[in-house]
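**Student:** this one's structure only:
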């Protein structure tokens, strides 16, 4: 089954209308590929799984996990291969040891130092999280958001996994949890008090700094003549704030389109990596008054958004958020996660070096003549050369990328 069909099927019981709508409206389409943004989508593919493994280990008693337990979690992550082999590939992150006839794993000192640093950043960022959550609620139609839907995007916005316990009860003058229907899946976060100081979008804030009228920016090469012409025509009409009440706007009108583009722009501006799954954004069609054919609307504005179906996952990026494949402004949490990625690479290089030296010794013992040698950074990534559970196995790669963009993450 096609991956998007699988995703749609898994969501069918949750919201049949939106799944049918997306299945009907997500036809085959393409946008001219941007190599830098495509690269940005595929970076840190191992980080997602290792971050999930880190969280699993931290939740275990004494922060020590049986490798057998992690192996079972591998199955729930839809990954193949042996967990023991995977953990040993990152000796800077995971410490594996044998006790009796059972393998155990805990985080290394360097990894724990990053965990503590991440928690410290989360504590310092709490006012940012509170403001971000308030903005999300203020853009919604009734100043309420479904908890189940929001949980699917909470990591995109940098929210802690326990934000419902850490943030919402701590600020009763701003948020409350309600359930007007009584169903468990209908639990919502509701805005208690409207703060006019927060009703300033990223575009409006930028315009205030520059002393100009708020408008969108276009990040396309000058050779895209027709796209530039359409952008100028679209940008010529007044900017409509995503915090504006939509009751006075007519469906499918130019004004509603302007407001919707501004809303998606603002949503992406609030994310850590300035990107999100189009399907997950579409779950909020009722709360944010989004059009059924959200993908078609985004494709009409290639100077503002970059739409990709890399790995057959529909994702939208905010073009102005990137300079090449790098984020223009990095959230403190992104900086920490990049440190995590660097630690992973150190461990993987150490693992590859050991593997290379072992293979070299085996070949020498067999009297084989080596045709090439590797030094330092030229060492091949043995993790990607046919090892069991490799990410370059076609079937596993499909599963891995599904995990990567489903949540993950970042």
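**Tutor:** Cool, the structure landed. Just so it is clear, the model here is predicted, and its values are computed rather than measured.

**Student:** Regarding residue 149, what is its secondary structure?
**Tutor:** helix (DSSP: H, G, I helix; E, B strand; the rest coil).

**Student:** doesn't residue 282 make contact with it?
**Tutor:** No: taking contacts as Cβ atoms under 8 Å, residue 149 lies outside contact range of residue 282: 10.2 Å. Heads up, the C-betas are built off the backbone N, CA and C, glycines and all.

**Student:** the bottom helix or strand of the protein by mean pLDDT?
**Tutor:** Counting by mean pLDDT, DSSP states H and E, the chain has its least confident helix or strand at helix 3-11, which shows a mean of 43.

**Student:** More neighbours: which of residue 149 and residue 282?
**Tutor:** Set side by side, residue 149 and residue 282 show more neighbours around residue 282, with 23 against 17, by other Cβ atoms under 10 Å.

**Student:** On the three-state scheme, residue 97 is what?
**Tutor:** Residue 97 is classified as strand under three-state DSSP.

**Student:** ok, how many other residues are close to it?
**Tutor:** Residue 97: 11 surrounding residues under other Cβ under 10 Å.

**Student:** so what's the nearest residue to it once chain neighbours are set aside bridging to?
**Tutor:** Among residues not flanking residue 97 along the chain, residue 104 sits closest, at 5.8 Å (Cβ to Cβ, 6 or more residues apart in numbering). Per DSSP bridges, the residues bridged to residue 104 are residue 66, residue 97.

**Student:** measure residue 104 to residue 304 for me?
**Tutor:** Separation of residue 104 from residue 304 (Cβ to Cβ, to the nearest Å) stands at 50 Å.

**Student:** Looking at these two, which one has more neighbours?
**Tutor:** residue 304 (24 against 19).

**Student:** any idea of the pLDDT on that one?
**Tutor:** Confidence at residue 304, expressed as pLDDT, is 95.

**Student:** How about residue 309?
**Tutor:** Value for residue 309, per-residue pLDDT: 83.

**Student:** ok, it - how many residues close by?
**Tutor:** Residue 309: 16 neighbours (other Cβ under 10 Å).

**Student:** quick one: it from residue 49, how far?
**Tutor:** Taking Cβ to Cβ, one finds residue 309 at 22 Å from residue 49.

**Student:** Where is the longest helix in the protein?
**Tutor:** Assignment by DSSP state H gives helix 332-365 as the longest helix of the chain.

**Student:** all strands of the stretch 251-400 of the chain, in order?
**Tutor:** 275-277, 305-308, 315-318, 322-323, 326-327 (DSSP state E, counting those that start in this stretch).

**Student:** Who are the packing partners of the third one?
**Tutor:** Contacts defined by 3 or more Cβ pairs under 8 Å, 6 or more residues apart in numbering; DSSP states H and E place strand 315-318 against helix 35-42, helix 254-269, strand 275-277, helix 278-282, strand 305-308.

**Student:** Dump those into JSON lines; add distance to residue 82 as well.
**Tutor:** What follows is the helices and strands packed on strand 315-318, written out as JSON lines (distance: least, Cβ to Cβ, whole Å):
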{"stretch": "helix 35-42", "distance to residue 82": "24"}
{"stretch": "helix 254-269", "distance to residue 82": "38"}
{"stretch": "strand 275-277", "distance to residue 82": "30"}
{"stretch": "helix 278-282", "distance to residue 82": "31"}
{"stretch": "strand 305-308", "distance to residue 82": "32"}
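
**Student:** Check the model's average confidence along stretch 314-330 for me.
**Tutor:** Averaging pLDDT along stretch 314-330 gives 93.

**Student:** now swap in stretch 341-355 and tell me
**Tutor:** Per-residue scores along stretch 341-355 average to 74.

**Student:** same thing with stretch 272-283?
**Tutor:** Mean predicted confidence for stretch 272-283 is 93.

**Student:** Output the below-cut-off pLDDT ranges for the stretch 1-150 of the chain.
**Tutor:** The stretch 1-150 of the chain contains residues with pLDDT under 70 at 1-30, 43-46, 77-79.

**Student:** Apply 90 and report the result again.
**Tutor:** Judged by pLDDT under 90, the stretch 1-150 of the chain has its weakly predicted residues at 1-35, 37-53, 55, 72-93.

**Student:** Test my guess that residue 256 contacts residue 250.
**Tutor:** Yes: checked against Cβ under 8 Å, the pair residue 256 and residue 250 is within contact range at 6.3 Å.

**Student:** So the two - more neighbours on which side?
**Tutor:** Between residue 256 and residue 250, counting by other Cβ under 10 Å, residue 256 is the more crowded of the two (16 against 9).

**Student:** show me the contacts for that one.
**Tutor:** 246, 249-250, 289 (Cβ atoms under 8 Å, 6 or more residues apart in numbering).

**Student:** Quick check: the farthest pair among the residues you listed?
**Tutor:** Spanning the widest gap among the contacts of residue 256 are 250 and 289, at 11.6 Å by Cβ to Cβ.
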